[in-house]
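*Asks:* Provided below are the primary sequence and the corresponding predicted coordinates.
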Amino acid sequence: MDLRMPKTLAFALVACLAALSTGAGAETRMRGHYYGGKGFEVFRPCGSPQSFWVVGSERLIQRLRDRAVALFATGAPPARSVYVEVSGVVERGVDPRYVEDDGPGMVRFTSLHRMKAAPPKDCPAHD
């Protein structure tokens, strides 16, 4: 079994972590798992042990929530996460809704490119 990380995945992970260490970064395309629920939104990049609070326009976040619900309303197996491909910026700091958390930061989603219930093999969910 080949456990090497694909170059594009490695680049995206490095970009996320580099942006985090400097406070903010340029917009980048990312792949990973969206976890949403009542009052929280979380993103975990493929291959990363870290999770980030998700922020963004209410319109985009609502679209993400609605599409996640629709995926599972069509007979897909229930899951705690949904695979997404998004563009966004990693930011240092914490959204005011999560003021008691000292996690790694936030990712500000700027666009949603793809969403599906089943992740690709190189990006397994860790639900």
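*Replies:* All right, it came through fine.
*Asks:* contacts and neighbour counts: CA atoms only from here.
*Replies:* Noted.
*Asks:* where does pLDDT dip in this structure?
*Replies:* Residue ranges of the chain with pLDDT under 70: 1-24, 37-39, 74-80, 93-104, 127.
*Asks:* show me where it has its helices.
*Replies:* With DSSP state H as the definition, the chain shows helices at residue ranges 7-22, 58-73.
*Asks:* what segments of this protein are strands?
*Replies:* With DSSP state E as the criterion, the chain has strands at 28-37, 40-45, 52-56, 82-91, 106-116.
*Asks:* now render those as a markdown table, adding mean neighbour count.
*Replies:* Shown next, in a markdown table, are these (neighbours: other CA atoms under 10 Å):
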| stretch | mean neighbour count |
| --- | --- |
| strand 28-37 | 21 |
| strand 40-45 | 20 |
| strand 52-56 | 22 |
| strand 82-91 | 23 |
| strand 106-116 | 19 |
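*Asks:* now the ones you listed in TSV, with distance to D122?
*Replies:* Supplementary listing: these in TSV, determined by distance: least, CA to CA, whole Å:
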stretch	distance to D122
strand 28-37	10
strand 40-45	12
strand 52-56	20
strand 82-91	11
strand 106-116	14
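*Asks:* touching, Y35 and P45? I think so.
*Replies:* No: contact criterion CA atoms under 8 Å: Y35 and P45 do not qualify, at 11.3 Å.
*Asks:* joint contacts of these two?
*Replies:* Among the neighbours of Y35, none is also in contact with P45 (CA atoms under 8 Å, 6 or more residues apart in numbering).
*Asks:* now the residue nearest to P124 when sequence neighbours are not counted: how far from G56?
*Replies:* Distances taken as CA to CA, 6 or more residues apart in numbering put C46 closest to P124, at 7.5 Å, once the chain neighbours are dropped. C46 is 20 Å from G56, where distance means CA to CA, to the nearest Å.
*Asks:* now R31
*Replies:* As defined by CA to CA, R31 lies at a distance of 16 Å from G56.
*Asks:* and what of V84?
*Replies:* V84 sits at a distance of 15 Å from G56 (criterion: CA to CA).
*Asks:* could you do S111 as well?
*Replies:* Taking CA to CA as the measure, S111 and G56 are separated by 9 Å.
*Asks:* so M106 sits against Q50, correct?
*Replies:* No: in this structure, M106 sits apart from Q50 without contact. The criterion is CA under 8 Å, and the distance is 10.8 Å.
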